[in-house]
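> just coords:
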């Protein structure tokens, strides 16, 4: 019995040590599992706090009216360009003028033609003057007196011929003279009637048509002359001056030749290229902001005012070597809040916030 007891004690001690090691191992596994669960939960909630849900894309600044390139409807040489870059301009203001002496002469010629055609129309409507009517009536009276005298001489010759005093030849001569006098009298009567009568409908219509044609030619000449003045269609400012006084400009549908680029910069907009993978997240009214390298971390806030309806190629290139140029984009327009001072054409990085806020709501932790 004395030899058996020490062996049992050793075995019990070994069992206790094994059990204690197993307990410690189990406890460490429980703590490790709990720590891993906490880490996973933290990894799940942290991005919602620190990383905003944003849609990023390159953009380009433009004025509210977009860039308006003003050219000439006529080809010619610039007589003067009256504005400089940065000048404020008003609707209808003359910005430049072409050499137009020949066009001005055409206007003056057309005006003279209108005056002449109008006078001819008045003459047709009013008829002959009183002096012309009096002259025509005097011609009638004179012809009548000649006719009556010729007829009286004819009657005398007829009586003398019947008495055998004059020959047939002389009688015929006086008869012819009487006929001529009568014809002249009738012609004078017709001439007086023509002078004294109102104008014929066809004469008046012809005179009116000539007058209207002259007026149309004047309007055409004035329109050509007006096209030599290049005017502003909007209230805004001059963004770029492409030509100067003395240079030639052309009116070509294939090769645009603008004289000036203008725009309304009271409100600025940014035209953003949204990648096709994000188009379902963009809506009108969402908040957005832009940043530019030249302005550091400064953010210029605004909101989405227009979302395109058709995908297309990229409009803004970042000049990065790794940039993909084969992707499709949806053109989106962001209007910046008042007070943003950015140069026209500046490339920026645009960020659209789908939920209307830059940071998402924090989710509560669950253990």
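Noted; the coordinates are in hand. Quick caveat: nothing in here was measured; it's all calculated off a predicted structure. Residues are numbered from 1 along each chain as shown.
> so what's residue 108 up against?
Under the criterion of CB atoms under 8 Å, 6 or more residues apart in numbering, residue 108 has no contact partners. Just so you know, the C-beta spots here come from the backbone N, C-alpha and C atoms, and that holds for glycine as well.
> one more time with 10 Å
218, 221, 225 (CB atoms under 10 Å, 6 or more residues apart in numbering).
> And the residue nearest the centre of the chain, how far from residue 315?
Centroid-nearest residue in the chain: residue 233, 8.0 Å away (criterion: CA atoms, centre = their mean). Using CB to CB, to the nearest Å, one gets 24 Å for the distance from residue 233 to residue 315.
> and which of the contacts of residue 108 is nearest to residue 258?
Ranking the contacts of residue 108 by separation from residue 258, with CB to CB as the measure, puts residue 225 on top at 21.7 Å.
> Mind telling me what element that closest one is part of?
Counting by DSSP states H and E, the element that carries residue 225 is helix 201-226.
> quick one: buried residues of that helix?
For helix 201-226, burial by neighbour count (16 or more other CB atoms under 10 Å) applies to 207, 210-211, 214, 217-218, 221-222, 224-225.
> can you check stretch 138-151 too?
Neighbour-count burial for stretch 138-151, counted by 16+ other CB under 10 Å, picks out 139-140, 143-144, 146-147, 150-151.
> how about the helices in the chain?
Across the chain, reading from the start of the chain, the helices by DSSP state H fall at 4-50, 101-126, 130-162, 168-196, 201-226.
> Going by mean pLDDT, which of those comes out lowest?
Of all the helices of the chain, mean pLDDT reaches its minimum on helix 4-50 (a mean of 60).
> count of residues packed around residue 227?
When neighbours are defined as other CB atoms under 10 Å, residue 227 has 17 of them.
> so how far is the longest strand belonging to the chain off the chain centroid?
Selection of the longest strand in the chain by residue count, based on DSSP state E, yields strand 300-312. How far strand 300-312 lies from its chain's middle: 22 Å, per CA atoms, centre = their mean, to the nearest Å.
> so what does that strand touch, helix or strand wise?
Contact analysis of strand 300-312 by 3 or more CB pairs under 10 Å, 6 or more residues apart in numbering; DSSP states H and E lists strand 268-275, strand 287-291, strand 329-336, strand 347-353 as its packing neighbours.
> mind redoing it with 6 Å?
Secondary structure elements in contact with strand 300-312, counted by 3 or more CB pairs under 6 Å, 6 or more residues apart in numbering; DSSP states H and E, are strand 287-291, strand 329-336.
> Could you list the paired strands of that strand along with their orientation?
Strand 300-312 has the following sheet partners, assigned by DSSP bridges: strand 287-291 (antiparallel), strand 329-336 (antiparallel).
> between the contacts of residue 108, which is nearest residue 86?
Of all the contacts of residue 108, the one sitting nearest residue 86 is residue 225; the distance, using CB to CB, is 30.1 Å.
> Leaving out the residues flanking it, which one is nearest to that closest one?
By the measure of CB to CB, 6 or more residues apart in numbering, the closest residue to residue 225 outside its immediate chain neighbours is residue 103, 4.2 Å from it.
> Contact partners for that neighbour?
For residue 103, the contacting residues are 224-225, 228, by CB atoms under 6 Å, 6 or more residues apart in numbering.
> Please consider this matter closed, and thank you.
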